[in-house]
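Undergrad: Sequence plus predicted model, see below.
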Amino acid sequence: MFLLIFYMLQMLLLSTKAQHSTESAEEVACPSCMHMTFELRNMPAMYKIMLQNILSNMNLQNPECEENTVEPETCEAPMYPAWIENRCLSTHVTLHAVGITGILPDAEMDVTVLVRGCHAQWIGEASGCTNLADLDADTQAQMTQQLAQVRDAWETVTYTGEVCIL
């Protein structure tokens, strides 16, 4: 019982301090965009054209995003401003795939995706960039699970890149 009361008092104190610090806090504005480039190598024209059409039809060619010249948009206010703050996020991932399973062992594909936007995080968390290889196992598993179809269609798939919170 005493611990519960102590915990509630701490939360109230923290929330009061945070409210005072966020009342004058500036809104955060970040570019919100996505850009994708790709390169296909060592493929017969039929396969190359088919993959080019699929990737091109995703309509993710946005040079302004790549050049970081997209007009920033104000981030939505965090749900819990006493504990959460907005930062700008930039994620840059390159997928390198070799060998279409059972068909073209020498085929190669590189797809690079850049995503910029708002990111809500705990107040006081560090800013900076983290390489994908340095992310925790759960985050890496989530990322590779989202790309399971690509992974299953190719003999070897590797990911490189970084996540930056500014």
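TA: Cool, got the structure. Numbers count the residues shown, from 1 in each chain.

Undergrad: buried ones in the longest strand anywhere in the chain?
TA: Longest strand in the chain, counting residues (DSSP state E): strand 104-122. By 16 or more other C-beta atoms under 10 Å, the buried positions in strand 104-122 come out as 104, 107-109, 111-116, 118-121. All C-beta atoms are positioned from the backbone trio N, CA, C, and that covers glycine.

Undergrad: Mind giving me the packing neighbours of that strand?
TA: strand 29-30, strand 33-41, helix 45-56, helix 63-66, strand 84-100, strand 154-165 (3 or more C-beta pairs under 8 Å, 6 or more residues apart in numbering; DSSP states H and E).

Undergrad: So which of the buried residues of strand 104-122 is the closest to Q146?
TA: Lowest distance from Q146 to the buried residues of strand 104-122 (C-beta to C-beta) belongs to V113, with 11.2 Å.

Undergrad: Tell me how far that closest one lies from A141.
TA: Noted for V113: a distance of 18 Å to A141, by C-beta to C-beta, to the nearest Å.

Undergrad: For the closest residue to P78 other than its chain neighbours, list the residues it contacts.
TA: Leaving aside its chain neighbours, P78 sits nearest to I84 (3.9 Å; criterion: C-beta to C-beta, 6 or more residues apart in numbering). Neighbouring residues of I84 by C-beta atoms under 8 Å, 6 or more residues apart in numbering: P78, A120, Q121, W122, I123.

Undergrad: Against V28, how distant is I84?
TA: I84 is 12 Å from V28, by C-beta to C-beta.

Undergrad: So T69 lies in a helix, does it not?
TA: No - under the criterion used here (DSSP: H, G, I helix; E, B strand; the rest coil), T69 is coil, not part of a helix.

Undergrad: Give me the phi and psi for it.
TA: phi -120, psi 10 (degrees, to the nearest 10).

Undergrad: Could you count how many residues lie near it?
TA: Residues within reach of T69, counting by other C-beta atoms under 10 Å, total 10.
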